Each structure stands twice: as structure tokens, then as C-alpha cells.
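1. build me a model:
(chains A, B and C)
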Amino acid sequence: MKRRTLFLTFAALASACTGTLSAADLRAIPGDSVYRFDATLSDQSGTEFHLGERRGRPLLVAMFYTSCRYVCPLIIDSVKGVEHALSETERAHLGFLLISLDPARDDTAALKSVFDKRKLDAARWTLARTSESNVRTLAALLGVRYRALADGEFNHTSALVLLDGEGRRIDSSEALGATPDPKFLASVRNALEISTK
Amino acid sequence: MRLAALLMTVLLPGAAADDFVRLPGQAAFTSILKYTDSDGKVPIAPFELMTTPVTNAQFLAFVVTHPEWRRGTAPSVFAEARYLSHWGGPLSLGAAAEAAQPVTHVSWFAARAYCEANNARLPTWSEWEYAAAADATRADARKDPAWRDRILGWYAKPANVPLARVGQGSPDLHGVHDLHGLVWEWVDDYAAMLVSADNRNQADPDVLTFCGAGALATDDRENYAVLMRIAMLSALEAHNTTGSLGFRCARGARGDVQ
Amino acid sequence: MNTIFPVFTLLLCGMVALAGCSRGTSAEPPTPGNASAVAGAAPDTGGSRKGDFGPPQGEPIKAVLTSPPNVPPPTGRSAPAKVIVELEVIEKELPIAEGTTYTFWTFGGTVPGSFIRVRQGDTVEFHLNNHPDSKMPHNIDLHGVTGPGGGAASSFTAPGHSSQFTFKALNQGLFVYHCATAPVGMHVANGMYGLILVEPPQGLPPVDKEFYVMQGDFYTVGKFREKGFQAFDMQKAIDENATYVLFNGSETALTGDNALKASVGQNVRLFVGNGGPNLVSSFHVIGEIFDKVWYEGGTRYQENVQTTLVPAGGAMIADFHLEVPGSYVLVDHSIFRAFNKGALGILKIDGPENLSIYSGKEVDSVYLGDKAASLASVSTAATSNAAGTLSLEEQVAAGKSLYSGTCSVCHQDNGAGLPGVFPPLAKSDYLATQPKEQIVRVVLNGLSGAVKVNGQDYNSVMPPMSQLRDDEIANILSFVQTSWGNSGERVRKEDVTAVRASTPRAEGAAH
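-> Numbers count the residues shown, from 1 in each chain, chains lettered A, B, ... in the order given. Purely as a prediction, here's the structure:
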């Protein structure tokens, strides 16, 4: 574990300097892992982090934006639904990452506001923003489709994407609402079981 | 490495520096897609577009200087198994791929990386649609049945014949070649094609599917040429490649990276 | 007291009468259309509500798919199973007529696509594989699927990829499947359709031979039988102006060596679909009567049917028993489609004659001659013409094939005509004395009114043959002029073109 932390710290430093992981670091990450794209994001408290830092435990990722009226509140409900359906030990090993589709208007304060309003647990939850170009790439990696509207709103698909500890997409669910899709929940449990072995 | 790239530029006919032309744009371009938020009209700022799709030779020069994008090195998350499968090797075109043919079997990530490396970007769907509306004499020839028929003729031919070289036919009004009849082309916002997977569900009233909007409806059902391109893009994922799918780059009018 | 009793009796009678009425209306009156009601079967099968027989049992089965005109064997199952279907989409250039090719988009490499056979209640795991060489994305809508788009929403597949979805076949019947990618009409017009049979739980009654026939209309830029590669014509498709109407995707799919074969004494079943995209079929087999037709591919059958409608995007099953040998012609009885657009197939029956049932000669000598078998000479002539090396011999050979079945119907194979009705062409003084342009004009525009040939008067109507191509007319006339003691004058394609161009045409007339 320590070695990995050291490795990741080195990688983080390296990317801070060059903006990308070195070729050697990248090769260590599986070819089908989303973490091959080592984007820099910042969270609801303005702290910067690299996507690759999430490597190590399963992650539930979704994309949203704070001024979204229709589905985005439901996305948070859906993720919370998964959270509440898990046991305490299971919950401890799962992370939740919500990335904004609208970095222009979703500044850190907007993210913080939603974070507080929904009473999210910082130990597990991150609401993040990144550059528009990175948003396009991340959406492509996660299979999320979206279109910016003339008035600044977005139309987008609403999938919860499950990444395993190595960053590979293992399942996704378009089911919305507080009661999670049983098949998806089973996938989450399975991923947690594998990662805690 | 540099020398190799330079040599490549000199020796391979299709590897010359990318050629761009300027398109004037349009304040309110009528898209085939019935965007409910803007009455189907899209503002197109002036921009520059490559005159031909990126060729095998140009892409080869790119992977020489960008080893992370070579076949076998590029991770599957960025390019699926058939990435550049028509080339002889990761750094050689081989007999089946001519230098001046448009490069195919490239993913959206790879296309984007190429454009970025050349201080450019992929065009947006609207920019592509606007550019593709032109023929030799008119900026918008979409109502002309002849324009449609010529495009439909390409769909009728199967994809197992060798691709023509770029730039063969005469250019359109703006000086652009091959927007039709050669290859499908990636656009930056291919993922904005929020159309129902069952294309018969025009204006699907299920507004939860795409968060606040039903599936996009198409305005002009007779413009099947463009309809089919939309159908194609909406079927693709970013890491996909096909033998008929290539790309070209665009730039903001002043050559900025956008 | 005295008044109550009659009232009470009246009431009682009334109630009895009413009960009698309601009993009467609840039973179905026996009518010709409800054979199964007459036979005492259940009033209905319950549809999808009663079509779920529970979870699949046993090991998953890989479905046997067949290419037309073959049909997979009956499933022979008595319990629901999981069936795995792997269907590939291939875009390929195939012949649509002799000497003419077209780019078809196919399910399984054929038009129509592979035949799928399952049983009601089966769970079908469907894999749609789009070949990497495909240019277009494709999907599939199976009419036997209960679910959005019939599967289309879940099977949208880019070239070089595969989609999977699973459905339960709740309703029994014979269903069409087709691609539903925009523009749907174009995908269907290019041949993307086929049939899936969902057997009733007890299976269909056993027969000796089962065949798979599917009609479709095709729209090409060039005219009917124009040689070479033909492209799809969207405007003609929108106007529903079909160039070809064909069984199984080609003029020669069910003719000549490809004719369907069976024997006297056998029970034959035809699974007949209509992919459209536009036209409804009036399906008929010349010389036979359908003993049973499960009209629209549903549960009930009609008996003793001559011609049955097959809707675009629909199907039907026809059973009939064979008594007499010969060639039976499958047609769309909108008859110009059969003889001028190709909606024609042959069922060749061998076996002993039964003169007590039918005493006459075989059908094919009148209708077709060796049309299908000898069309090769037409191909040869076309190739030579394109290369500029067309010889008189090639023209005569091609003209002879074209003559039989078109001109021979009236003028006879030996050119003798019918005395007093149809003028002879053999050693004809009319042909000897008329200038070439006039002879061409007769074929193009027809001829009516009094005419004297070889000393006999004729006053009949010859219909215009303007649907024939210039090269075809040239070949036929070259054949006629070099046969039966005629002048031996060669007629060339240019001669016909010149006459056609100089003829004024009415609006909308064929030209």
C-alpha cells in the first residue's frame, strides 16, 4: 500500500509538472481503464486532484450540473439510493464522483452549495469541475452523451457508471430514483467484494 | 525521430502540411435537427476547415512523433482493437493503405489528439453540417434533389472497395473537398446526437431520457443524406473505429485552438 | 290474485326468454371464416396474456437459421427454452436480374434474411452483428417482439460491432422482421427483412415440404432489366413507383434451377412474407388452390383460397396438397408485377400424371418457355454491346430468348400466329415490304386496325411493347427477320432509339 501511495504521489508530482503521467506510469494502468486519462479536476472545496488518484477502490461516477431542473436532482437521489442500500462496511470502500457538465457556470461555490444542501458525506462524495475539453473527453470515456442548449441548459443522458478499482467500466445504469436497479446494485456489491479481497 | 517526421513530409505525397480554407459562417443556419431551444437555427461563427480529410500519410507522421498513439500502444479505452488495422504495421502503411487515401479505423480520441497536435480541433456537428450543405456554386444546395442523389449514391456502394484518394473531385464553393462520398467523419460533439436509438420515434415525448428533452426530431425527413450521417454518429462510441470513418480538422478563424 | 299469476307467468317467461337470448349470443355462429369455432376449439388463444409459459427450461439452444427458400425444422419442443440467435448484417452486391446488380443490405447474406424459428414462450437472446465491412449502422425490429421498437431501440449497431437484447415470444404467429434505421424505407427497400416463426405450443400440423418466400419491391435509377450496376432511387420509392417486384430478392431466385421442387401426393407449406417497403401482395399460385391459409400469419385459417393478401410488413402461411405434376407459377396477381416487374417464381412438381384431375399439357410451354434457363444469352449480348463487339449471332440468340414468352404468346414459337386473329411472322409479306422504321414502330407503339398479311385480313390489337429496352427490341427483331424465311435484315439498338425518340408520347405514358 505504501509503495502505491509513493508511486501515486510521484505520479501526481510528475503530472503537476508535465500535465500528464509519464509513459511508465501510464503503462501500469490497464489499457481499458478510464484512469489512462489523467485529468486534473477540482472539488467542492476548490482542492485540485487528479482523476488517477481515485484508483484503488470502486467508484460510482455520474455527470450533472447544478442548475439542472429535471433529472440531475434525481441523479443524486439515485447515487444516494445505492449508498443507502449498502452495508456500513461496503459503503466504506465505495467512492462517489459527480462531475459537472457546465464548468463555466458551476464554480466551486455552486458545487459547495449543492454539497451542503444535499448533506453529502465528504469521506465518500466528491462534486467536481474541470475544463470544458476535459468534460468532453470524460463524457466520451463514460459513455455520457450531452448537448449544450442555447440558454445554457444541457440535454444529457443520465447514467450512473461503475468503475472497478482499476478504473475499468464494469456496469452502468440509467435507472433513476431512490430505489436502485437490483442488477446494478448486485454489480456494485460484486465489485466491492472483489476489491476488498 | 524529428528527421523521420521531416523525411515523411518530404517523401510521402499526402503528408504535406494540412491545408485549411476559411468559411464565412452564417448567423442563423437552419439545421436539419429540430433544436427546440433555438427554433432549429444555429449561429455559425467564421472558421477554417481542412480542404480534405486527414490522409494515411498525415496520420503516420503524427504517430511517428506521438508514440502513445501508435497501434498497439494506444490503450483500448482510447482506441478499440481495430485501430489502424488496415496499416501494414504500427509505423508503416503497407500495401493496403495508400498514402493519399483518407485515414480510417481511427477513434474520436485519436482524431482529437491529431488535431490538437496540429493546433486545431475537430469541427462541431453544426460546422460540418453547414460546410456540407454547399455544392460547387451554392453555399446551401440542400433543397436540390441532385445534391441529395449524389450523396445517396455513395451509400449504395458497399464498403469493401478501396477508398479513393482525397481531393479527387472538384471542390465546393468554399474550396473544400470530399465532405460527401468518401468517408464518414468524426465531429467534436458526435455525442450531442441525442436521437432515439429507434429512429422512428420522432420527437419522443419521454423527456427524462435526455434530461429535459425528448429525442431530437429531424426537420427535413427528405434530407436522408444528412439523416444517415446523424444515424451513424449516434451509433458510435468515442473509442470505436470503422473502415469508412475518418476525420478532418477545423480551427477558429484566427487559428486559435478552441 | 287472478292478476298476479298471469303477471308472474309473464315475468317468468320473459326471464326464460332473456336467458335463452343471452345464451344464444354468447356462442359464435358458424361462419366460413371461423373454421376453428366450427371445429369446437377454444374461442381465442389468449394472446400475450396467456403466452408466458414461465422461465426457460433446459440448456440454452443455438437457433438453427436457414437461408431462403429453406425453413428450419420444427422445434419439436414441449417446454419453453432459451434460444440464442446470432444474426449477421452484411452489405453486398448481388444480382437482381440477369446482367443487373444492386447493393443489398442483408440479414445473413441473403434477401430475405435468414428464417428464424422458435416456439411460443421461448426466451430469445438475440445477437445482432454488423460486419466490419458495412458502411451503415443497422438495427432490427422483429414484429414478434413485445417491447419498444420491437427491439430496434436495443439493437442499434455500428459497423464492426454487436448488440444483444433478450425478449420472450409471447404471441404465436408468423412475423416479419426488418431494419429500422433511418431512413427506414431505404433500409427495407435494400432488402433488410425476413421472417420469424413463433410456433403455437402444439406446433404446426406436419407437412412434407416447407418453403420460405418473401416478396419485396425494389426501386432503381435505371429501368427494369437495365444492365449493369443499379443504384437505389429514393424518389421512385417515395412515389411508390417500383422498378422490380420480386420474390426472394432476384428475378431468378425461384426460376430455372432455383425453382422450388416437390412431388405429387405431398403436402406443401409456403411461409410467405412481404417486406414491402410499399406494395401489398395479392399472392396466388397458378394452377393450385390453397387448402388452408393462416391469413396474416395469425392463429385462424381460411380454407379453399385462390389469392390471398399479404400486407407490406406482413406474412401468411399456406398449406396445399399436390395432385398433378407440372410447373406452378407463384405470382403477385397484380399481374403486371408478375410479367413486367419480375414477381414470378416456379414450383416444379414431379410425379405421375392424373388425367382424371387434369388432362391438359404442362403449363410452362405457354407461359414461359425456357425463359429463365436461356436468359444467359441476353446477358452475353448485353456484355458484348457494352464492349462494342455485338455480333448478329449474339443478337439472334438473345432475341430468341426474349421472343419466347413475350411475342410467342400470340405469334407462336414458330411464328405462325393464329389464323384470322394474330398475323404470322413467318415468311411475312408485311415484314418484307414495310420499312425498318415502321416495323420498329409497330413493336414500340402497337398496331390496331385492319392489316393484310400473306393474303389474309387481320383486325386485331397489338399492344405496345414500349416497356422493352431498345437493345431488347433490336435483338428480337433481328431474330424475327433472320428466321422463318424472312428478309434477314439486322436491326440495331440505334435504329430503335431513333424511332422511340421521334415518337410523340402522351403525358404519363410509358416510353
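
2. report the secondary structure element holding the nearest residue to B:Ala192 once chain neighbours are set aside.
-> Of all residues not flanking B:Ala192 in the chain, A:Arg147 sits nearest, at 3.7 Å (Cβ to Cβ, 6 or more residues apart in numbering or on different chains). Using the backbone N, CA and C atoms, a C-beta is placed for each residue, glycine as well. Assigned by DSSP states H and E, A:Arg147 belongs to strand A:146-148.

3. and the residue nearest to B:Ala192, what pLDDT?
-> For A:Arg147, the pLDDT comes out at 85.

4. residues touching it, list them.
-> A:Arg147 makes contact with A:Phe154, A:Asn155, A:His156, B:Asp189, B:Ala192, B:Leu194, according to Cβ atoms under 8 Å, 6 or more residues apart in numbering or on different chains.

5. a markdown table for the residues you listed, including neighbour count, secondary structure and pLDDT?
-> Formatted as a markdown table, these follow (neighbours: other Cβ atoms under 10 Å in any protein chain shown; DSSP: H, G, I helix; E, B strand; the rest coil; pLDDT from 0 to 100):
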| residue | neighbour count | secondary structure | pLDDT |
| --- | --- | --- | --- |
| A:Phe154 | 22 | strand | 82 |
| A:Asn155 | 25 | strand | 80 |
| A:His156 | 28 | strand | 81 |
| B:Asp189 | 20 | coil | 90 |
| B:Ala192 | 23 | helix | 85 |
| B:Leu194 | 21 | coil | 75 |
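
6. closest to C:Tyr244 out of those?
-> The shortest gap between C:Tyr244 and any of the contacts of A:Arg147 belongs to B:Leu194, at 37.8 Å (Cβ to Cβ).

7. for the chain, which segments count as helices?
-> Just so you know, I chose chain A. Taking DSSP state H as the criterion, chain A carries its helices at A:2-18, A:23-28, A:72-85, A:88-92, A:108-117, A:132-142, A:182-195.

8. looking at chain C here, not the other one
-> C:4-26, C:35-38, C:184-189, C:234-238, C:335-340, C:364-367, C:376-387, C:392-403, C:408-411, C:429-433, C:436-445, C:470-481, C:493-501.

9. where are the low-confidence patches of the chain?
-> Assuming you mean chain A. Applying pLDDT under 70 to chain A flags the ranges A:1-27, A:69-71.

10. that's the wrong chain, I meant chain B
-> Checking chain B against pLDDT under 70 turns up B:1-18, B:36, B:195-222, B:253-258.

11. closest to the mean position in it, which residue would that be?
-> B:Glu185 (2.1 Å; Cα atoms, centre = their mean).

12. which strand residues bridge it?
-> Counting by DSSP bridges, B:Glu185 forms beta bridges with B:Gly246.

13. what distance do you get for it to C:Ala432?
-> 65 Å (Cβ to Cβ, to the nearest Å).

14. rewinding a little: pick the most buried one from the helices of chain C.
-> For those, the largest average neighbour count (mean count of other Cβ atoms under 10 Å in any protein chain shown) is found in helix C:470-481, namely a mean of 25.

15. so which bits of chain A are right by chain C?
-> Counting by Cβ under 8 Å from any Cβ of the partner chain, none of the residues of chain A come close to chain C.

16. residue in chain A nearest to chain C?
-> The nearest approach of chain A to chain C comes at A:Glu174, 12.2 Å away (Cβ to the nearest Cβ).

17. hang on, the earlier thing: tell me the strands beside the strand holding A:Arg147, with direction?
-> Checking strand A:146-148 against DSSP bridges gives partners strand A:154-156 (antiparallel).

18. residue 177: neighbour count?
-> Just so you know, I chose chain A. A total of 10 residues lie near A:Gly177 under the criterion other Cβ atoms under 10 Å in any protein chain shown.

19. wait, chain C
-> Neighbours around C:Tyr177, by other Cβ under 10 Å: 28.

20. cool, and C:Ser359?
-> By other Cβ under 10 Å, 9 other residues sit near C:Ser359.

21. how far away is it from C:Phe320?
-> C:Ser359 is 20 Å from C:Phe320, by Cβ to Cβ.

22. one more: C:Pro159?
-> 43 Å.

23. more neighbours, the two?
-> Counted by other Cβ under 10 Å, C:Pro159 and C:Phe320 do not tie: C:Pro159 has more neighbours, with 27 against 22.

24. surely the more buried one meets B:Pro158?
-> No: between C:Pro159 and B:Pro158 there is no contact under Cβ atoms under 8 Å: 11.0 Å.

25. shared neighbours, those two?
-> Residues touching both C:Pro159 and B:Pro158 by Cβ under 8 Å, 6+ apart: C:Asp133, C:Ser134, C:Lys135.

26. which parts of chain A sit against chain B?
-> So chain A meets chain B at A:23, A:26, A:30-34, A:36-37, A:68-72, A:136-137, A:139-141, A:143-151, A:153-158, A:176 (Cβ under 8 Å from any Cβ).

27. thanks again, I'm all set now.
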